[in-house]
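**Q** Here's my sequence, what's the structure:
(chains A, B and C)
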Amino acid sequence: MSKIQYSVAELAERFALSFKGDDARIIDGVGTLSGAGPTQLSFLSNSKYAAQLGTTRAGVVVLHGDAAESCPTAALIARDPYVTYAHIAALFERLPAAAPGIHPSAVVAAGARVSPTASIGPCCVIEDGAVVEDGAVLGPHCIIGTECVVGAQSRLVARVTLVTRVTLGKRVLAHPGAVIGSDGFGLAFDRDHWVKLPQLGGVRIGDDCEIGANTTIDRGALDDTVLEEDVRLDNQIQIAHNVYVGAHTAMAGCAAVAGSAKIGRYCMIGGNAGVLGHLEVADRVTITAKSLVTHSIREAGEYSSGVPLQENRQWRRNAARFKHLDEYARRVSALEKDKNDD
Amino acid sequence: MSKIQYSVAELAERFALSFKGDDARIIDGVGTLSGAGPTQLSFLSNSKYAAQLGTTRAGVVVLHGDAAESCPTAALIARDPYVTYAHIAALFERLPAAAPGIHPSAVVAAGARVSPTASIGPCCVIEDGAVVEDGAVLGPHCIIGTECVVGAQSRLVARVTLVTRVTLGKRVLAHPGAVIGSDGFGLAFDRDHWVKLPQLGGVRIGDDCEIGANTTIDRGALDDTVLEEDVRLDNQIQIAHNVYVGAHTAMAGCAAVAGSAKIGRYCMIGGNAGVLGHLEVADRVTITAKSLVTHSIREAGEYSSGVPLQENRQWRRNAARFKHLDEYARRVSALEKDKNDD
Amino acid sequence: MSKIQYSVAELAERFALSFKGDDARIIDGVGTLSGAGPTQLSFLSNSKYAAQLGTTRAGVVVLHGDAAESCPTAALIARDPYVTYAHIAALFERLPAAAPGIHPSAVVAAGARVSPTASIGPCCVIEDGAVVEDGAVLGPHCIIGTECVVGAQSRLVARVTLVTRVTLGKRVLAHPGAVIGSDGFGLAFDRDHWVKLPQLGGVRIGDDCEIGANTTIDRGALDDTVLEEDVRLDNQIQIAHNVYVGAHTAMAGCAAVAGSAKIGRYCMIGGNAGVLGHLEVADRVTITAKSLVTHSIREAGEYSSGVPLQENRQWRRNAARFKHLDEYARRVSALEKDKNDD
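**A** Below you'll find the predicted structure:
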């Protein structure tokens, strides 16, 4: 493969950045401040890494104007270096080649509709009534069930399963092992055994969403499970039936949202955090890692639960006391009452 | 596909329900109180939704006798409307067609035994010594390893893997990405490195169990891992080696049970709850979401751990104090002692 | 299949053990103390099972010298019976047959390099630029992406996906549903929407590592995500981008490590425990189940967070008090001050 190359001047122009130093330098990749070489671009965004700037061997560094003076090499000045770096780095990303057409090992039902500009990888299975739109790329081993739609320019990296009645918007990116449209967990208890509630709804995923590896999103019981546009889900997230996630919300790995919960827009749900069923979470709410949302949240802000990590013996002593916390609180009140009665 | 249709009178007769209103009405589907139209059936079970009854446009509503008067449309009167609704809704579920036979892209070993009434989907792999019984349906990409049995009428929706020595009972339903019979996590530490303990047992899953998407159930080290009948597992659950789960127990998403734990019958394990290894949990125990079971539970009841969610700054102040809880408890005792010494 | 058989004398010689009782006895398998029959070997390691020794029907028992007198059958005396048992049991494990060669249903790109002694199972997909080394075994449905290497004698049980730039060392064992090399979760927030940071690094997995079912390991953003040798990961573990895990560390099911965290050697991470991003954890640290590591750990030892399980009504009273813990602490201090002012 031929190298992807840009001069510093070309990058400055393309992203409307000012620069400092040698703008003729040719850049063919990106790297960390400590690891980048003279043909690579790096960035400084987190002040924690400022000390590495002085000794970087990078060809050019994207940074905030405040740091330009300390930069020993060419610099591209950005209002938000991390965002600018993200855009530049995308120029150097090599996605696997995906020629239009259907791999001969794929199994495409006669009643499926696949755009001639879509790419269908080895061993994919596309069932009757499924639709794959223009420019979509399905890596190996994807399964597109009946009444499912893969929107234009979406990319299912490999081994993604859309079960039934799943609609992906445009430019959706789904990683291996993701399962979208599996049955919600709906059961009614009939005297001495469980009766399954048929799960008849679907899943609607908006444009520009990203779905992590081994993440699961269940179909709704009657209405649909919904992710609005630009929702970003990390790996191993569980979204139960009839959950509604507002646009631009991001969830870190192993988060879980129980049935019929409604999450607002621009929320940040931390790793392994949970939201109980039927709750509502307002816009712009941050939930820290491993917290459990046990009541609806009406106001933007940051919310947490849990207790801090301690050395095990210390922790044991404190944890044992937790079992009597109500009693201690009463004893404090009693002491105060005694004092006031004196 | 032709529509599935029942008159209200037919439904009343089939499920032995009394009714109110127009029993000739034709029903061709189900929906929510707020979303159902005049040819759809809905239900009222949770009083939270009672306000929606007055304005429903549903053709008929399944409800408790107490609510019949408030129903503006035909009503089917049920002792437990949710259970009755579950049974009726099942009539309208359209499962993907599954003709008996083996898809030409499937790879079935000469030493496998597949019932002629079973349906084996595209790209399935069935290894030597595996058995698929009458009427079982394997969606695309299922793998049935050696010494595995898929019981009659079981349905593996898609991409389910049975590794080795797994026996599924009748009418088991397994969702995409489930892995059953993977090696348990058995290691012995030999001075400076790990030695793997061969995992030689199997997994036995009883009749009418349901296994969620991306759930994992390990094979036993020597004896089998067991789920009795009608155990219901949601998505992303982890069942370690030699766990034993009693009949009719249900676990919500992301729950995890460590090795050799024994869970009783009719238990309810909440989302992301955990049970440590080698513990026993009695029948009819409920564990709330995200709780960790750290000791055996001998009595039926509801059990919890964790602390409540709070706004982050408040939470920080309280969490910091938790690190000194033992000290506070001692100081309270000291104050009490001083008082008594006065 | 012919039986695998060893006499007690052969086992004693092979593992340099002394023995007691009938050394001519023929052993053809292993079992638990309570379940093993006269041609099976069992072991006693955990004193909890000592009571079962007296009534065992096993042909021979591996045990510590202290227990030899109580053994009613032949005994093999070991310094560490569990480790010795692990080595002996491996003799009796029957791995699925894996003849060298490529199954006709596999799709191997012209630019892939597969050793003639490797075994490639049904429906595997091996992309251009991938390498599978000598004696490696790929079960059904594995996907080996571009620039990935499967080291010699490694075994991917079934349905393992290596996405891009993943290098497995020798004798790596990966279980079904594992995804290695998926994109890290890297996003920059650009005013009102997310911009994806290209994930350009890889994953390096050392010799003798084990990767559990449905575990996910993301590729690095720029540098690689790394597991040193003999790292043991259970099922459903999430390893984020640029995590570094030291040799011989073991993690139990559902543990999760956030981006750029560095875990030491010989650590034990409990089930569903978490480590926040960018932290460092020293060598020989144990984290108990469901704990969250919120700060770097500089010293070996055992660390915990969480509160104990209680009956729900008791727990509710204590949990409610936690929300005012800071206030109680202040009230205790005020009482002490009052007392001292008296």
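
**Q** for the stretch 151-300 of chain A, which spans come out with low pLDDT?
**A** For the stretch 151-300 of chain A, no stretch is flagged by pLDDT under 70.

**Q** near chain C, which residues of it show up?
**A** For the stretch 151-300 of chain A, the contact set with chain C under Cβ under 8 Å from any Cβ of the partner chain comprises A:157-159, A:173, A:175-177, A:208, A:210, A:212-214, A:230, A:232, A:234-236, A:248, A:250, A:252-254, A:271-272, A:289-290. Just so you know, the C-beta spots here come from the backbone N, C-alpha and C atoms, and that holds for glycine as well.

**Q** Now list the buried members of those residues.
**A** Buried members of those, scored by 16 or more other Cβ atoms under 10 Å in any protein chain shown, are A:157-159, A:173, A:175-177, A:208, A:210, A:212-214, A:230, A:232, A:234-236, A:248, A:250, A:252-254, A:271-272, A:289-290.

**Q** so of these, which ones are in strands?
**A** Here DSSP state E is the test, and these give A:173, A:210, A:232, A:250 as lying in strands.

**Q** What is the helix or strand containing residue A:9 packed up against?
**A** Using DSSP states H and E, residue A:9 sits within helix A:8-14. Here helix A:8-14 touches strand A:18-20, strand A:74-77, going by 3 or more Cβ pairs under 8 Å, 6 or more residues apart in numbering or on different chains; DSSP states H and E.

**Q** Find out how far that helix is from the centre of the chain, if you would.
**A** Distance of helix A:8-14 from the chain centroid (Cα atoms, centre = their mean, to the nearest Å) equals 30 Å.

**Q** quick one: contacts of it?
**A** By Cβ atoms under 8 Å, 6 or more residues apart in numbering or on different chains, the list of residues contacting helix A:8-14 from outside reads A:6, A:17-19, A:21-25, A:27, A:41, A:59-60, A:74, A:76, A:88.

**Q** Does at least one residue of the longest helix anywhere in chain A sit close to chain C?
**A** Ranked by residue count and defined by DSSP state H, the top helix of chain A is helix A:325-341. Yes. For a cut-off given as Cβ under 8 Å from any Cβ, helix A:325-341 has contacts with chain C, namely A:325, A:326, A:328, A:329, A:332, A:335, A:336, A:339.

**Q** Report the spatially nearest residue to the fourth one, omitting neighbours in sequence.
**A** Put plainly, it is residue A:329. Spatial nearest neighbour of residue A:329, excluding adjacent residues (Cβ to Cβ, 6 or more residues apart in numbering or on different chains): residue C:321 at 4.8 Å.

**Q** Report how many residues lie close to the one you found.
**A** Look at residue C:321: counted by other Cβ atoms under 10 Å in any protein chain shown, it has 21 neighbours.

**Q** Let me know whether it touches residue A:326 as I believe.
**A** Yes. Contact criterion Cβ atoms under 8 Å: residue C:321 and residue A:326 qualify, at 5.3 Å.

**Q** Now do the helices in the stretch 151-300 of chain A.
**A** For the stretch 151-300 of chain A, helices defined by DSSP state H, counting those that start in this stretch do not occur.

**Q** quick one, domains of chain A?
**A** A:6-91, A:101-303, A:312-341 (automatic domain parsing).

**Q** mind listing what's buried in the helix holding residue A:9?
**A** Under 16+ other Cβ under 10 Å, the buried positions of helix A:8-14 are A:8, A:11, A:12.

**Q** Tell me the one of those nearest chain B?
**A** Of all the buried residues of helix A:8-14, residue A:11 has the smallest distance to chain B: 38.9 Å, by Cβ to the nearest Cβ.

**Q** Can you read off the backbone torsions of residue A:316?
**A** phi -60, psi -40 (degrees, to the nearest 10).

**Q** ugh, wrong one, I meant residue A:220
**A** Backbone torsions for residue A:220, taken as degrees, to the nearest 10, come to phi -70, psi 160.

**Q** Just give the closest residue to it, not the sequence neighbours.
**A** Here the residue nearest residue A:220, using Cβ to Cβ, 6+ apart, is residue A:201, at 2.7 Å.

**Q** Pretty sure that neighbour sits against residue A:241.
**A** Yes. Applying Cβ under 8 Å, one finds residue A:201 in contact with residue A:241, separated by 7.1 Å.

**Q** Spit out the residues that contact these two alike.
**A** Shared contacts of residue A:201 and residue A:241, defined by Cβ under 8 Å, 6+ apart, are found at A:184, A:219, A:220, A:221, A:225.

**Q** Who are the contact partners of the last one?
**A** Spelled out, that is residue A:225. So residue A:225 contacts A:184, A:201-204, A:217-219, A:239-244 (Cβ under 8 Å, 6+ apart).

**Q** partners of it in the sheet?
**A** residue A:203 (DSSP bridges).

**Q** circling back to that earlier point, TSV for the shared contacts of residue A:201 and residue A:241, including distance to residue A:305?
**A** Rendered in TSV, the data for these read as follows (distance: Cβ to Cβ, whole Å):
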residue	distance to residue A:305
A:184	26
A:219	30
A:220	28
A:221	28
A:225	25
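
**Q** Most neighbours of all the residues you listed, which one?
**A** Most neighbours among the shared contacts of residue A:201 and residue A:241, by other Cβ under 10 Å: residue A:225, with 30 neighbours.

**Q** May I have the distance across stretch A:235-253, first residue to last?
**A** Stretch A:235-253 stretches 5 Å from its first residue to its last (Cα to Cα, to the nearest Å).

**Q** so how far is it from its chain's centroid?
**A** Centroid displacement of stretch A:235-253 relative to its chain, using Cα atoms, centre = their mean, is 8 Å.

**Q** near chain B at all, that stretch?
**A** Yes. Judged by Cβ under 8 Å from any Cβ, stretch A:235-253 and chain B are in contact via A:236, A:238, A:240.

**Q** ok, these vs chain B, which is closest?
**A** Set against chain B, the nearest of the residues of stretch A:235-253 next to chain B by Cβ to the nearest Cβ is residue A:238 (4.5 Å).

**Q** dump the residue contacts of that closest one.
**A** A:215, A:216, A:255, A:256, A:257, B:235, B:236, B:253, B:254, B:271.

**Q** swap the cut-off to 7 Å and go again
**A** By Cβ atoms under 7 Å, 6 or more residues apart in numbering or on different chains, residue A:238 lies in contact with A:216, A:256, B:235, B:236, B:253, B:254.

**Q** Please name the nearest non-neighbouring residue to residue A:103.
**A** Closest residue to residue A:103 apart from its sequence neighbours, by Cβ to Cβ, 6+ apart: residue A:122 at 4.6 Å.

**Q** which residues does the one you found contact?
**A** So residue A:122 contacts A:103, A:105, A:106, A:140, C:107, C:125 (Cβ under 7 Å, 6+ apart).

**Q** Then residue A:326?
**A** C:317, C:318, C:321.

**Q** Rebuild those as JSON lines, extending it with pLDDT and secondary structure.
**A** Below are the contacts of residue A:326 laid out as JSON lines (pLDDT from 0 to 100; DSSP: H, G, I helix; E, B strand; the rest coil):
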{"residue": "C:317", "pLDDT": "98", "secondary structure": "helix"}
{"residue": "C:318", "pLDDT": "98", "secondary structure": "helix"}
{"residue": "C:321", "pLDDT": "97", "secondary structure": "helix"}
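
**Q** would you turn the residues you listed into JSON lines with distance to residue A:131?
**A** Formatted as JSON lines, these follow (distance: Cβ to Cβ, whole Å):
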{"residue": "C:317", "distance to residue A:131": "55"}
{"residue": "C:318", "distance to residue A:131": "54"}
{"residue": "C:321", "distance to residue A:131": "56"}
